[in-house]
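Chemist: Sequence below, structure please.
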Amino acid sequence: LNDIHIDIMDYIVPATCTDNEFRQMWIEFEWENKIVVNTTIRDLHLYLTYLLKSTNMRCLTPEKALSGDCGFMAANLYAKSIFGEDVLSNISIEKSAIHADAPVTGHIRIRAKSQGMALSMGDKINMTQKTGFKGVSALQK
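Modeler: Have a look, this model is predicted:
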């Protein structure tokens, strides 16, 4: 009776919704998982790109709102499981203005209707951060 381990990313696909739908789901979903950003990445846009790639989420925040280099970034992300379960995420990250070599810091808030989805997505993000963000150099090209 061994545990069966399933990679949640096999069942998550990027999805879209309107701003109003996102806000309504954010209010309704009772399960939240808050993840501390722990990375060696030093660029806000690169971190967001890597996070999207590693979680199969879609960024709902328009590219125009993410452009520029102000040292701070906030974005809303959204995905659905193949079973129709929604998962929302809000990232709030920043880059130190004093220390140019400092890595990105901040938080990622994940919300879902079920505890399992919120925890599984949080575990995936934490696992990705622990593996040292393999593949970042490919994204920099």
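Chemist: just the strands in the chain please.
Modeler: Counting by DSSP state E, one finds strands in the chain at the ranges 12-14, 31-36, 58-59, 72-81, 86-94, 105-112.
Chemist: quick one, which of those is packed in tightest?
Modeler: strand 86-94 (a mean of 22; mean count of other C-beta atoms under 10 Å). C-beta coordinates here come from the backbone N, C-alpha and C atoms, glycine included.
Chemist: Sheet-wise, list the partners of it with their directions.
Modeler: strand 72-81 (antiparallel), strand 105-112 (antiparallel) (DSSP bridges).
Chemist: now the ones you listed in a markdown table, with distance to Glu94 and mean pLDDT?
Modeler: Compiled in a markdown table, those are given as follows (distance: least, C-beta to C-beta, whole Å; pLDDT from 0 to 100):
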| stretch | distance to Glu94 | mean pLDDT |
| --- | --- | --- |
| strand 72-81 | 5 | 96 |
| strand 105-112 | 6 | 97 |
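Chemist: Could you work out which of those strands reaches nearest to Met25?
Modeler: strand 105-112 (7.5 Å; C-beta to C-beta).
Chemist: which non-adjacent residue is nearest the residue positioned nearest the centre of the chain?
Modeler: With distances taken as C-alpha atoms, centre = their mean, the residue of the chain nearest its centroid is Leu51 (5.1 Å). Setting aside the residues directly before and after it, Leu51 is nearest to Ile91 in space (C-beta to C-beta, 6 or more residues apart in numbering), at 6.8 Å.
Chemist: quick one: contacts for that neighbour?
Modeler: Applying C-beta atoms under 8 Å, 6 or more residues apart in numbering to Ile91 gives the contacts Val37, Leu48, Leu51, Met73, Ala74, Ala75, Leu77, Gly106, His107, Ile108, Arg109.
Chemist: hang on, the earlier thing: got the strands of the chain as a markdown table, with distance to Lys124 columns?
Modeler: Converted to a markdown table, the strands of the chain look like this (distance: least, C-beta to C-beta, whole Å):
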| stretch | distance to Lys124 |
| --- | --- |
| strand 12-14 | 9 |
| strand 31-36 | 10 |
| strand 58-59 | 16 |
| strand 72-81 | 11 |
| strand 86-94 | 10 |
| strand 105-112 | 10 |
